[in-house]
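K.L.:
no sequence on this one, just coordinates:
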């Protein structure tokens, strides 16, 4: 098995979500290569709707695989500004490109300080070690 990838420019949660902060301050969210590997083949993704308010740590969606169903938790509080509609037709993007085409949703963070509480790539690597 190849080593799982955890890009250094992202932040991570203990629930295996990754966060990429955009230039506009929007926060793009997905699940890590560790999470997609543990889930197996993803067959369905349920995401929050644009305009939904989410709270850090609260469940806001689900990923269903051939093995199980796992919750997606919001890494920060804010309002959902975009969802990856490509996952409706091709949920396997979560497996094949978890940090790119397999992203899940974007949030306009209401409290940017919450981002500082997320793990660095090195800390996340150590936590799943």
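P.N.:
All right, it came through fine. These figures come from a predicted structure and were not determined experimentally.
K.L.:
For the helix or strand where residue 115 lies, which outside residues touch it?
P.N.:
Using DSSP states H and E, residue 115 sits in helix 113-116. Contacts to helix 113-116, defined as C-beta atoms under 8 Å, 6 or more residues apart in numbering, come from residues 11, 19, 21, 27, 56, 75-77, 109. Backbone N, C-alpha and C define where each C-beta goes, glycine included.
K.L.:
cool, and stretch 23-38?
P.N.:
Taking C-beta under 8 Å, 6+ apart as the rule, stretch 23-38 contacts 4-6, 12, 16-22, 39, 42, 63, 70, 72, 74-76, 78, 81-82, 94-95, 98-99, 102-109, 112, 115, 124, 128.
K.L.:
for it, what is the average pLDDT?
P.N.:
Here stretch 23-38 scores 93 as its mean pLDDT.
K.L.:
Under the pLDDT cut-off, which ranges of this structure? List them.
P.N.:
1-3 (pLDDT under 70).
K.L.:
If we use 90, what do you get?
P.N.:
1-4, 22-25, 129 (pLDDT under 90).
K.L.:
got the residue ranges for the helices in it?
P.N.:
With DSSP state H, the ranges of helices along the chain come out as 33-39, 86-89, 93-96, 113-116, 121-128.
K.L.:
Now the residue nearest to the spatial centre of the chain. Nearest residue, chain neighbours left out?
P.N.:
The geometric centre of the chain, computed from its C-alpha atoms, lies nearest to residue 30 (C-alpha atoms, centre = their mean), at 2.1 Å. In this structure, residue 30 finds its nearest non-sequential neighbour in residue 103, 4.4 Å apart by C-beta to C-beta, 6 or more residues apart in numbering.
K.L.:
could you dump the helices of the chain to CSV with mean neighbour count and distance to residue 51?
P.N.:
Formatted as CSV, the helices of the chain follow (neighbours: other C-beta atoms under 10 Å; distance: least, C-beta to C-beta, whole Å):
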stretch, mean neighbour count, distance to residue 51
helix 33-39, 20, 26
helix 86-89, 14, 18
helix 93-96, 19, 23
helix 113-116, 12, 20
helix 121-128, 14, 30
